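Participant: Build me a structure from this.
(chains A and B)
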Amino acid sequence: MAVIHDVMPAFELFQPASISDALTLLNRHGSNAWVMAGGLDSFDWLKDRIKRPSVVIDLSQVQALRGIKEQNGGLEIGAATTLTEVARHLVVRDKFRLLMEAAELVASPQIRHQGTIGGNVSQDTRCWYYRSGWTCYRAGGNICYADTPTAINREHAILDADRCVAVNPSDTAPALVALDAQMVIRSARGERIVNAEDYFIGPAVDITRMTVLAPGELLTAIRIPSTWAGAQFYFEKVRDRNVWDFPLLNVASAIKYSGQTIERIHLVINAAAARPLRLHAVEAAVVGKPRNEQTADLAGRIAVQGAQPLRHNGYKIPLMRNVVKRAIRGGGGGTWTS
Amino acid sequence: MDFVRWGQNPWGQNILTHVSWTLFWASLFAGLMFLVAHGSYMLLSAHRKRPSAETDRMEAAQPNLPKRIERHSLMARAFHWVMAAAMFVLLFTAFLPVVGVKFPWVTWHWIAGLVLTGSIVFHIVHASFWLDFWSIWVGPKDIPELKAEVLREMGQDVPGLKSGKYPLGNRLYHLAIMVAGLSAVATGMFMMTRVRTPLFTRNPYLFSDRTWGVTYVTHGVAGVGLVGLVIAHVYFAIRPEKWWITKSMIFGWITRRQYLEHHEPERWRVMTDRPTGRI
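Facilitator: Purely as a prediction, here's the structure:
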């Protein structure tokens, strides 16, 4: 059981000033090293004594990881750029408003000042059984305490669960997937580029990790291509409180039209599974159709096919159906489908 | 080095969770080292077939023996290959993720587990009622053969005392893989109640945390044991001097000469009044 202490546990702290120094440290310490950016996920783990790394690599001094650059009509965002910087960047606001809206809805202003976009997409799940330090699947055990008959699982997964029913809590992740972003990952072995959709992994593939980042690897930047610049965007986050809360569900869509007809669409839901899910079946169903209530209704119905509620999260199915409808139709008007 | 991994449940009890993957690497290493050691030894060891002259005399004395003698019926062969396919799927789906090849493995794993379970049930029934059930087992009666085999391994020319239908090594292997396989299957069937399948209603509370821990560890130990056993099996299946046995598992029969060279007719009686030589 987690016990919150006032002081940090002992670990060796490194504050590299360059990416290459950070990679050298990561290579040297491997899985013993804990990478910290804004610290908002890290401090919980460390102060609760649930994760006990012997080495912490603080990236706050690595200036090369910060800032936003325009690149081929798109953007390259340093992984340690704060969420406030992302939300206030003019090009983000003009061309990729979807990301701006997602970043602005993360937690609270103080957290957005401190939290980074790399940390927001790479943060661990908020399943409270897992974060309480119990030896569940995700912690290397052999049970999911959130998927038992008496579990409190209101926030958990309705889709894509495989033993573990934790969900991805990121707000910017679905926006980045919808925008076809690419994640730049570096390690001592070199650099690899991973599509945002493939950056996140579910429990079926690896039950102990949320992303493809392996020990020794560092997310250094996020590239957003010009593909969806200026498209019609929709982002909605549903949460219990209007500030400082994780999503019960969030949805991101990017749509391009040909006249009144949907020509291309990316539609992504998060907090419904352990990774942001692109709703490919919905996308295929609505392409070529007009943007209206009927199309939105069709999208909502397809979106929840295969959903499996747990004891306390059945509400997520009609919720998801309706946020998907709004993502297709737009926010105003329309009817709630229970 | 830890052989098992421990965790703590919500009641603060220390519970077993899994076998340590160190044992997987140990099993893989042991299996490969066995191949190297045995392969090296076999380069120098004596040929262990019955001498040609003695085989000639036996062949002349039993002119009614058919040319082809059935060693494995079609059903037995079908079982073997279905089981082999299921076993490979099980091992690859279990251990590829451990070595870093990540993919959604659980569904493939339990489906292969069900195929293996079904084939084992079939095999038990088939062997009990249609085959010579005791021909694969080892017991005190095999001590003379064991002694002769050890002496032959040591390079001595020991006459007679050949095996019955199955060589002693084959029977010992069957015993080992039966223990490991049944342990994996039995624990695996219970573990299926913890994952979502269309077959069972999930019941994570079927056992206590401690019993689940023992179940997972037993499954893991059996699994890593099977890695070494399967390596050894494949190795012997492709060794040139064993190829006649592998071929019989494909085509079903061995030649009369192979029968006389490698078996003790007294311990594996072949009916001479039937054209296929079926027992």
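
Participant: By mean pLDDT, which helix or strand of chain B comes out lowest?
Facilitator: Scoring the helices and strands of chain B by mean pLDDT, DSSP states H and E places helix B:143-153 at the bottom, with a mean of 78.

Participant: Identify the residue spatially nearest to the closest residue to chain A within the stretch 101-250 of chain B, adjacent ones excluded.
Facilitator: Proximity to chain A, evaluated over the stretch 101-250 of chain B using Cβ to the nearest Cβ, is greatest for residue B:104 at 3.6 Å. For every residue, glycine as well, the C-beta is placed using N, CA and C. Leaving aside its sequence neighbours, residue B:104 sits nearest to residue A:204 (Cβ to Cβ, 6 or more residues apart in numbering or on different chains; 3.6 Å).

Participant: On the pLDDT front, check that neighbour for me.
Facilitator: Note for residue A:204: predicted pLDDT of 95.

Participant: ok, it - contacts?
Facilitator: Residues near residue A:204 by Cβ atoms under 8 Å, 6 or more residues apart in numbering or on different chains: A:160, A:162, B:104, B:105, B:106, B:107.

Participant: can we see that at 7 Å?
Facilitator: Counting by Cβ atoms under 7 Å, 6 or more residues apart in numbering or on different chains, residue A:204 touches A:162, B:104, B:106.

Participant: Show me what from chain A comes close to chain B.
Facilitator: Residues of chain A lying near chain B by Cβ under 7 Å from any Cβ of the partner chain: A:134-135, A:140-143, A:145, A:148, A:162-163, A:204-206.

Participant: what about the residue in chain A positioned nearest to chain B, neighbour count?
Facilitator: Proximity of chain A to chain B (Cβ to the nearest Cβ) peaks at residue A:135, 2.7 Å away. Counted by other Cβ atoms under 10 Å in any protein chain shown, the residues lying close to residue A:135 total 24.

Participant: Once you drop chain neighbours, what's closest to it?
Facilitator: Closest residue to residue A:135 apart from its sequence neighbours, by Cβ to Cβ, 6+ apart: residue B:7 at 2.7 Å.

Participant: how near is the one you found to residue A:145?
Facilitator: Residue B:7 sits 11 Å away from residue A:145, going by Cβ to Cβ, to the nearest Å.

Participant: Start and end of stretch A:248-267, how far apart?
Facilitator: Stretch A:248-267 has an end-to-end distance of 17 Å (criterion: Cα to Cα, to the nearest Å).

Participant: what residues does the stretch 51-200 of chain B put near chain A?
Facilitator: B:102, B:103, B:104, B:106, B:195.

Participant: rerun at 8 Å
Facilitator: Listed as neighbours of chain A in the stretch 51-200 of chain B under the rule Cβ under 8 Å from any Cβ of the partner chain: B:97, B:102, B:103, B:104, B:105, B:106, B:107, B:194, B:195, B:196.

Participant: quick one: contacts for the fifth one?
Facilitator: What that stands for is residue B:105. So residue B:105 contacts A:204, B:93, B:94, B:96, B:97 (Cβ under 8 Å, 6+ apart).

Participant: What is the neighbour count of residue 232?
Facilitator: Picking chain A for this. Counted with other Cβ under 10 Å, residue A:232 comes out at 16.

Participant: nope, chain B please
Facilitator: When neighbours are defined as other Cβ under 10 Å, residue B:232 has 20 of them.

Participant: Against which helices or strands is the helix or strand hosting it packed?
Facilitator: Counting by DSSP states H and E, the element that carries residue B:232 is helix B:209-238. On a contact count with 3 or more Cβ pairs under 8 Å, 6 or more residues apart in numbering or on different chains; DSSP states H and E, helix B:209-238 meets strand B:14-19, helix B:22-44, helix B:74-95, helix B:168-191, helix B:243-251.

Participant: now the shortest one: how far from the chain's centre is it?
Facilitator: Once both centres are worked out by Cα atoms, centre = their mean, to the nearest Å, strand B:14-19 turns out to sit 28 Å from its chain's centre.

Participant: One more: stretch A:205-218?
Facilitator: Remark: stretch A:205-218 is offset 14 Å from the chain centroid, using Cα atoms, centre = their mean.

Participant: do stretch B:92-103 as well
Facilitator: 23 Å.

Participant: Counting only helices, which of the contacts of residue A:204 make the cut?
Facilitator: Judged by DSSP state H, the subset of those located in helices is residue B:106.

Participant: Report the buried residues of the helix or strand containing residue A:255.
Facilitator: Assigned by DSSP H and E, residue A:255 belongs to strand A:249-258. Under the neighbour-count criterion of 16 or more other Cβ atoms under 10 Å in any protein chain shown, strand A:249-258 has A:249, A:250, A:251, A:252, A:253, A:254, A:255 buried.

Participant: What residues are bridge-paired with the residue in the stretch 1-150 of chain B positioned nearest to chain A?
Facilitator: Residue nearest to chain A within the stretch 1-150 of chain B (Cβ to the nearest Cβ): residue B:7, separated by 2.7 Å. Beta-bridge pairing of residue B:7 under DSSP bridges involves residue B:15.

Participant: Surely it and residue B:15 touch.
Facilitator: Yes - counting by Cβ atoms under 8 Å, residue B:15 is a contact partner of residue B:7 at 5.7 Å.
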